[in-house]
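S.K.: below is the sequence, then the predicted model.
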Amino acid sequence: MTELTARPWLAGLTPYRPGAAAPSAAGSLSSNESALGASPHVVDAVTRAARAAHRYPDALATDLRAEIAARHGVPVEQVLVGNGSDELIFLLALAFLAGGGTAVCADPAYRVDEISTQVVGGTVTSVPLVADRHDLPAMAGVPADIAYVVNPHNPTGTLVPRDAVRRFRADSPAGLVVVDEAYVDFAPDPLATTAVPLVREGGLAVLRTFSKAYGLAGLRVGYLVAPASVVATLSGIRAPFSVNRLAQAAALAALRDRTHHEAVRVHTIDMRRRVSDLFTRHGYDVVPSHANFVLVRVPDEAAAVRRLADAGIAVRPGSALGVPGAIRVSVPGDEGWRQLRQALSRP
């Protein structure tokens, strides 16, 4: 019998590692989850959907795709729903990068962009940030099949204006520019920021998630708005029934509850300012953020992480995100805010 061995390029792969949890949910500020949780309508929708848990879900997520398409003013053929945006990123890699394809992204970038490319045997060119922002001119000089732009960027929270994304699409040799807008709901003007209107111009796709502003991180739902040909290709290679019945019901209810969504936005933007001001008052340098987290420069990263952990607060070490000498702090709820203030006031 021949010994089964993994493909050689997997040997050097560094797996994704999630942020640590805190003793309480209020102190868990490492994974950029919604501070206000999901809409009450989501809980009701999931409860109703659970009564049919013995039935397979709608493989096409028909109702959810229709709602998303209507929200963005695009044909339903340009929308694909996935098991979190991570599934969609892996599908993009399988379809367009397998067997030697090339991708370009920022350094640091969302790790799944890099991991998915490496898993399928592709190569990634990482272009360092300049002043905490994407260096789009340098990225446009890299030959690639796919170019990834995370906007707002994670872990810095910086923003690329839509016109800059459009110029990058025109200048880049990439066959597809993928704009990951996981945090766009927390930008000052999401409608003016999103690259969805650029999809109709071709060569560009937009990723969205329900994990952040909609509070569905535990249910795994995301979607892609892309040229119909890209959606058709990915639909043909995806696993059947990858988005379960409860997740579809939850996402639909979350989309329809605009009041809760706006409450999350308002809370996040206000609390982000308060957290930034708090760290600034204590003498730390904070990167101006347009996401639901702030990146704080610290003189001793390990000591800062340990100090907060001793107070029951989990944050993400910058070294785990490609920005050593920093910590990333998710925007908290009211109780988390109280804990954070107490932690920083201790000698």
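M.R.: Alright, I've got the coordinates.
S.K.: flag every buried residue along the top helix by length along the chain.
M.R.: With DSSP state H applied, the helix covering the greatest number of residues in the chain is identified as helix 258-281. Neighbour-count burial for helix 258-281 flags 260-261, 264-265, 267-269, 271-272, 275-276, 278-279 (criterion: 16 or more other CB atoms under 10 Å). In this view, the C-beta of every residue, glycine as well, is placed from N, C-alpha and C.
S.K.: other residues contacting it?
M.R.: With contacts defined as CB atoms under 8 Å, 6 or more residues apart in numbering, helix 258-281 is touched by 34-36, 39-41, 185-186, 188, 213-215, 254, 286, 288-289, 291-294, 296, 329, 331-333, 337, 340-341, 344.
S.K.: starting at the chain centroid, how far to that helix?
M.R.: Relative to the centre of its chain, helix 258-281 is centred 18 Å away, using CA atoms, centre = their mean, to the nearest Å.
S.K.: closest to Leu64 out of the buried residues of helix 258-281?
M.R.: Within the buried residues of helix 258-281, proximity to Leu64 (CB to CB) peaks at His261, which comes in at 15.5 Å.
S.K.: returning to what we had before: dump the buried residues of helix 258-281 to a markdown table, plus distance to Leu246.
M.R.: Rendered in a markdown table, the data for the buried residues of helix 258-281 read as follows (distance: CB to CB, whole Å):
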| residue | distance to Leu246 |
| --- | --- |
| His260 | 18 |
| His261 | 19 |
| Val264 | 20 |
| Arg265 | 25 |
| His267 | 25 |
| Thr268 | 25 |
| Ile269 | 30 |
| Met271 | 29 |
| Arg272 | 30 |
| Val275 | 32 |
| Ser276 | 36 |
| Leu278 | 37 |
| Phe279 | 38 |
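S.K.: so where's the stretch 151-300 of the chain uncertain?
M.R.: Counting by pLDDT under 70, the stretch 151-300 of the chain shows no low-confidence range.
S.K.: so which residues of it form strands?
M.R.: For the stretch 151-300 of the chain, strands defined by DSSP state E, counting those that start in this stretch occupy the ranges 176-180, 204-209, 222-225, 285-287, 293-297.
S.K.: repeat that for the stretch 1-150 of the chain.
M.R.: Defined through DSSP E, counting those that start in this stretch, the strands belonging to the stretch 1-150 of the chain, from first to last, are 79-82, 102-107, 123-128, 146-150.
S.K.: format those as a markdown table; extra columns: mean pLDDT and mean neighbour count.
M.R.: As requested, these are exported to a markdown table (pLDDT from 0 to 100; neighbours: other CB atoms under 10 Å):
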| stretch | mean pLDDT | mean neighbour count |
| --- | --- | --- |
| strand 79-82 | 99 | 25 |
| strand 102-107 | 98 | 24 |
| strand 123-128 | 97 | 17 |
| strand 146-150 | 99 | 27 |
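S.K.: for Ile313, which of those strands is the nearest?
M.R.: It's strand 146-150; of these, that one is closest to Ile313 (CB to CB) at 25.1 Å.
S.K.: pull up the pairing partners for that closest one, direction included.
M.R.: Pairing partners of strand 146-150, with direction, according to DSSP bridges: strand 102-107 (parallel), strand 176-180 (parallel).
S.K.: distance to Ala232 for those strands - can I get that in a markdown table?
M.R.: As requested, the strands paired with strand 146-150 are arranged in a markdown table below (distance: least, CB to CB, whole Å):
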| stretch | distance to Ala232 |
| --- | --- |
| strand 102-107 | 21 |
| strand 176-180 | 14 |
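S.K.: so of the contacts of helix 258-281, which ones are in helices?
M.R.: Among the contacts of helix 258-281, the members that lie in helices (by DSSP H) are 40-41, 254, 337, 340-341, 344.
S.K.: between those, which is closest to Ile89?
M.R.: Within the ones in helices among the contacts of helix 258-281, the smallest distance to Ile89 is 21.1 Å, found for Ala254 (CB to CB).
S.K.: surely the closest one is in contact with Tyr214?
M.R.: Yes: A contact is recorded between Ala254 and Tyr214 when judged using CB atoms under 8 Å, the distance being 4.1 Å.
S.K.: now the common contact residues for the two.
M.R.: Contact criterion CB under 8 Å, 6+ apart; residues shared by Ala254 and Tyr214: 38-39, 42, 261.
S.K.: drop anything exposed from the contacts of helix 258-281.
M.R.: When the contacts of helix 258-281 are checked for burial by 16+ other CB under 10 Å, the buried set is 34-36, 39, 41, 185-186, 213-215, 254, 286, 289, 291-294, 296, 329, 331-333, 337, 340, 344.
S.K.: any idea how far Asp310 lies from Ala343?
M.R.: Here the distance between Asp310 and Ala343 works out to 8 Å (CB to CB, to the nearest Å).
S.K.: domain ranges for the chain?
M.R.: For the chain, whose domains are defined here by automatic domain parsing, the residue ranges read 20-38+259-345, 40-256.
S.K.: out of these, which comes closest to Ala6?
M.R.: Each of the domains of the chain was checked against Ala6 via CB to CB, and the shortest separation belongs to domain 40-256, namely 10.6 Å.
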